[in-house]
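S.K.: Please work out how this folds:
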Amino acid sequence: MASMIQVRDLLALRGRMEATQLSHSLNTPQPMIDAMLERLEAMGKAIRIQEEPNSCLSGSCKSCPEGKACLREWWALR
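M.R.: Modelled structure (predicted):
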């Protein structure tokens, strides 16, 4: 199980990553990584970077049944 320090260090090394990438790299369950990232965000140490809805290449995001599930979300250090 990873710690918040390990999450922070991996973000520092890689620049920006998705939560799923962090989960696989640190061999930690996704909900735990999500909680740590949200805590880092609340502390002002990490920021959430979301794709703009107009950057969808196929244009199918507007009619996506999952509600724009194809839009990616990254995390980076401040």
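
S.K.: Contacts only, for residue 29.
M.R.: Counting by Cβ atoms under 8 Å, 6 or more residues apart in numbering, residue 29 touches residue 23. In short, each C-beta sits where N, CA and C put it, glycine included.

S.K.: Give the residue spans of the protein that score low on pLDDT.
M.R.: For the chain, the stretches flagged by pLDDT under 70 are 52-70.

S.K.: could you pull out the strands for it?
M.R.: 16-17, 46-50, 73-77 (DSSP state E).

S.K.: Just give me the neighbour total for the closest residue to residue 30 other than its chain neighbours.
M.R.: Distance criterion Cβ to Cβ, 6 or more residues apart in numbering; nearest residue to residue 30, sequence neighbours excluded, is residue 23 at 4.7 Å. Per other Cβ atoms under 10 Å, the neighbour tally for residue 23 reads 19.

S.K.: I'd say residue 23 and residue 31 touch.
M.R.: No. Look at residue 23 against residue 31 with Cβ atoms under 8 Å: they stay out of range, at 9.1 Å.

S.K.: That's all I had, so thanks and see you.
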